[in-house]
Structures are given as structure tokens and as C-alpha cells.
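> next one to model:
(2 chains, ligands or ions: 2)
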Amino acid sequence: MKVTVDHERCCSSGQCALIAPEVFDQNEHDGAVVLLQPEPAPGLHAAVEDAADHCPCSAISLS
Amino acid sequence: MTTAAQTPTELRRLLPRDLVERGGCPFDPPAGLTARRGQAPVQPLRLANGAEAWLVTGLEEARAVLADTRFSSDRVRHPDAASGAEPRQVETRDDGMFVFMDPPEHTTLRKLLTGQFTVRRMRALEERVREIAVGHIEAMKAAGTEADLVPAYALPIPSLVICELLGVDYADRDRFQRNTAVALDSAASTDERARAGLELYTFMGELIAAKRAAPGDDLVSGLLDLPDNQLVDIALVLLGAGHETTANMLALGTFALLENPGELARLRAEPELLDTAIEELLRYLSIIQMGVSRVATEDLTIGDVTIPAGATVIIATPEANRDPAHWDQPDRLDVSRPRVSHLAFGHGVHQCLGQQLARVEMKVGLGELITRLPGLRLAVPADEVPLRAEMLVYGVHSLPVTWS
Ligand code: HEM
Ligand code: SF4
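Numbering: from 1, shown residues only, chains lettered A, B, ... in the order given. Ligands and ions are numbered 1, 2, ... in the order given. Presented below is the predicted three-dimensional model:
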């Protein structure tokens, strides 16, 4: 799984950092998404998919 | 001064009564909404002023509307059906009501705040929230074995927390709590609401003048670069949204758990369910009852329905959050229900700025309450609990409880 985030779209909701904190964080400045692991281990895939589904701004893409 | 702030309450005033009044179960959506289940997820609706609006009851359709900023939140340029006004050309919005703005104006103001409301920042507040919660439980116990949970617990916790974040003196709570309540009460007259709004502006104007003279390390002091009128708007939105919402989730959430003793017992036995229980309560109770609306800026299609330019679209959150296509037995409260993206905090670029704060407050507030007051129960019959049907934010006006 490859994860990409679109900083332009991100509205700093924090949903991803809440659901998959191993993979997503938020920056201190404006809370925008910080991608910690672009290729997360299989054990994290379900959480990452969940985070992408919860993202209110469709800023997380998975391939 | 802005009138945009008034429009959700104004819109609520004009809804057909069967979309407002709660029937048998105080936690179920109004009968007019449940009656639409299984019907078209986007339907036209006649408002009391004769205007037409569109009601969205399906989850996917609601998400599609809220994800698309061509459905505008800008109530100055795109007034809704409640006001009956025509669209207006405005060069720039110089007010601060970003909840009623569209990108890029919305983005600029929201970004000034989002860094203060991250998951990490809000988690750092958890111990302070716990201290406040436990202090109020101790005070309730010291005073006897009965209390009205709203003034004794549900309202003070988020009020104190948002006051501390913003740098507002909690001793002034009478001034902002009462006026916020009137401003969001669709049963109050337009005049009463305008007066309450004016008092809130005066209150915040004074506070900001004081901060300019002597800044602190609070959120408002951090925004002093903004002009007064914008800062007053922003601080009032945060203050209002910061206490009315969580307060109602705490009180109505407690009521819902007491009325579902099996779920309460599970939660007490398995405290690790608290996170999913909070998401489930948010979904099940959907306290922003039809407060979220948008105006189509052009002809737009949702599903197979074309919404004409200028039309008002009302998101029926309580019903969308019970869409049977997404939740099994949606009318059941199930504290272990697997997490599914719900609409309680909205969706799209306006999704609740304070959601991570609200989650911490609910987790600590409900968690401490059910562990520290083991025999907690209602002190009046359930059908005597006064419901906030007319308010933009649903909940209970009071919740008399007792414990052993
Ligand atoms: C359980 C409690 C809460 C619920 C159910 C809730 C619900 C919502 C909803 C549905 C929206 C979207 C409005 C729209 O799309 O037009 C929203 C936005 C907002 N909420 Fe909350 N909220 C809660 C708590 C809070 C708290 C504690 C704060 C404190 C700061 C807050 C501040 C805001 C702000 C500032 C916005 C506007 C965001 C924007 O327009 O970008 N909320 N909330
Ligand atoms: S869930 Fe989406 S909008 Fe929210 S912080 Fe993560 S990437 Fe940004």
C-alpha cells in the first residue's frame, strides 16, 4: 500500500491522526496532515483505509 | 455586526413542525424525518414562509453536498431561504464568521486556528479536563445525593475548558451562557435573539480591548493581529460552539446511557469501549439537529436530483446518521458498534474545528461520571425530562439525577 496526502485539500480535522497515529500526524503550525509512513506495514492497512474514509476533505489517497 | 450568525436559527423556525418535534423516544429523530426513511434521500420541502428548500436524509448524499463547496456556506453572498434575500455581490468579507464563509476566505481564517485544536494539543488537555470533571463530581457528592446534571456538571466542564483556552474569565459565564442560549433558541423572538447577539458582541468587545491592553498566553491574545470585528466574531464562535455543544452531548449522552442500562453496564464493565461509545453517541444523538445547511451557487446534481441555483439545502443529520444502508439496526444504541464515518461533526472543509476537544471532554466527562457515581439514575420519570426541541443544538434543558 502506498499513501499520499494532498496538503492543499487537508482541512486539519485530525481524523487521520486520531485513527491511524502510526501513519499520520499533524504539524504544530496549522494542524495540517504530516505523513509519517508512506508505505505502512500490512498490519496498519485497515486503520489507514479507515482514516482515508473518515477524511472530510478527501486529502488521503491510497494505491 | 453580522446577520449571518442568525440564519440557522431563523431557518429552524420555518421548518414544518413534524421535522422539529420529538415523539415517543427522545433520542429518535423527529417523526417527519423517520417517516421519510426509505423514500428519496433528497426531497423538496416547503418552509413556513412559503419558500422551497431541499432536505437531504441520505448519508452519501449529505456527504456529497458537504464535500462540494459549490454548495455555499457564505450567508452574506448567498442568503438562504429563511431570509428570502437575493444573492449579493461583496468584494471581500471583512467579518470573522468563517463558519459562514467559503474558501478561500474560510481557509485563511480557519488556518489561524487549526494548529490550536490538533489531536495532540487536545490530548495534552486531558488531565486538566479530568481535574475539572472530578472536582465537579466531588462537589455534587458533597452537596447530597441529587443534582440537576446540566448546571452541576455538563455545562460547567466545557465552559471552563473553553474559557481557559480563550482567556475568558469563567466568572463572566452568566453573561455568555444565557445569551448564547437565547441566540440559538428558535422559540425566542427575532428581537430577543438580536438583543442577545448584541450583548455577546459587547461582552467580547470588552474582553478583546482588555487583551490588547494586557495580552496573556491564551488563544485570543494570540490573534490580536486581526482587526477587532473579525476577532470578536471568531472568539464568539469558539466560545459559543465550545460550550453549548459538548454540554448537550454530556447531558443527553448520560440520559441515553441511563435509558439503555444494558449498554451502560457494558461500558462500565469494559471501559476500553469508551472511544467507540463516544462515536456511537455522537451518531445516535446527532445533536446539531438540522443546523447545517448550504445554498447551491449553480444548478447542481445530487444523486438523480438537480438542485437549482440559489436553493437552500438542509442536511438532516439525525436521519442521515441512521441511514440503514450504513448502519445495521440504526435506531439501536450499541456502544461497541464498529467505527463508521458519521456526520455528527459535519463533513468537508467546515468539519468541526473543535471535534478533538469535544472527544476529550466527552471521554473524560462521561467516563468519570459513570465510574464515580455507580448508582446513577434519573430522579424523575424519563418522559418528564425537558427536551431542547426548539434549540439549534438538541439536548435536555435539565437532567435531575440521583445516586447512592
Ligand atoms: C460534541 C460536540 C460538537 C458537535 C456535535 C459539533 C458539531 C459541529 C458541526 C456539525 C459543525 C459543521 C458546521 C457546518 O458544516 O456548517 C461544526 C463546526 C464547528 N465547530 Fe463544532 N461541534 C462540537 C463541539 C465543538 C467544540 C467543543 C468547539 C470548540 C472550539 C467547536 C467549534 C466549531 C467551529 C469553530 C466550527 C466551524 C468550523 C468551520 O466552519 O470551519 N465545536 N461543529
Ligand atoms: S483526516 Fe484529512 S483533513 Fe483531516 S487532518 Fe487528516 S488529511 Fe487533513
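> for the lengthiest helix in chain A, name the packing helices and strands.
Secondary structure assigned by DSSP state H gives helix A:45-54 as the longest helix of chain A. Helix A:45-54 is packed against helix A:15-19, strand A:60-62, with contacts defined by 3 or more Cβ pairs under 8 Å, 6 or more residues apart in numbering or on different chains; DSSP states H and E. For glycine as for every other residue, the C-beta is placed from the backbone atoms N, C-alpha and C.
> can we see that at 6 Å?
helix A:15-19 (3 or more Cβ pairs under 6 Å, 6 or more residues apart in numbering or on different chains; DSSP states H and E).
> the helix it packs on - contacts with which helices or strands?
Using 3+ Cβ pairs under 6 Å, 6+ apart: helix A:15-19 touches strand A:24-26, helix A:45-54.
> where in the stretch 1-150 of chain B is pLDDT low?
Scanning the stretch 1-150 of chain B for pLDDT under 70 picks out B:1-6.
> close to ligand 1: what parts of the stretch 251-400 of chain B are there?
B:287-288, B:292, B:344-346, B:350, B:352-354, B:357-358 (Cβ under 6 Å from any ligand atom).
> run a quick neighbour tally on residue 14.
Picked chain A for this. Using other Cβ atoms under 10 Å in any protein chain shown, residue A:14 has 26 neighbouring residues.
> chain B is the one I meant
Going by other Cβ under 10 Å, the residues that sit close to residue B:14 add up to 19.
> that one is in contact with residue B:50, isn't it?
No: using Cβ atoms under 6 Å, residue B:14 makes no contact with residue B:50, being 9.3 Å away.
> coming back round to it: list the buried residues of the longest helix of chain A.
A:47-48, A:50-52, A:54 (16 or more other Cβ atoms under 10 Å in any protein chain shown).
> before we move on, what about stretch B:223-241?
Going by neighbour count (16+ other Cβ under 10 Å), the buried part of stretch B:223-241 is B:223, B:226, B:229-241.
> and it, what's its mean pLDDT?
For stretch B:223-241, mean pLDDT rounds to 95.
> got a list of contacts for that stretch?
B:95-97, B:99, B:162, B:176, B:180, B:200, B:204-205, B:208, B:220 (Cβ atoms under 6 Å, 6 or more residues apart in numbering or on different chains).
> what residue in chain A comes nearest to ligand 1?
Ligand 1 sits closest to residue A:11 of chain A, with a gap of 7.2 Å, by Cβ to the nearest ligand atom.
> which one of the buried residues of helix A:45-54 sits closest to residue B:250?
Set against residue B:250, the nearest of the buried residues of helix A:45-54 by Cβ to Cβ is residue A:54 (23.1 Å).
> residue 57: what's it in contact with?
No chain was given, so I picked chain A. A:9-11.
> oops, wrong one, chain B.
Residues in contact with residue B:57, defined by Cβ under 6 Å, 6+ apart, are B:36, B:41, B:316, B:319-320.
> need phi/psi at it.
In this entry, residue B:57 is assigned phi and psi values of phi -110, psi -10 (degrees, to the nearest 10).
> so it versus residue B:325, what's the distance?
Noted for residue B:57: a distance of 11 Å to residue B:325, by Cβ to Cβ, to the nearest Å.
> around chain A, pick out the residues from the stretch 301-404 of chain B.
Applying Cβ under 6 Å from any Cβ of the partner chain, one finds that the stretch 301-404 of chain B approaches chain A through B:341, B:347-349, B:351, B:356.
> noted, bye for now.
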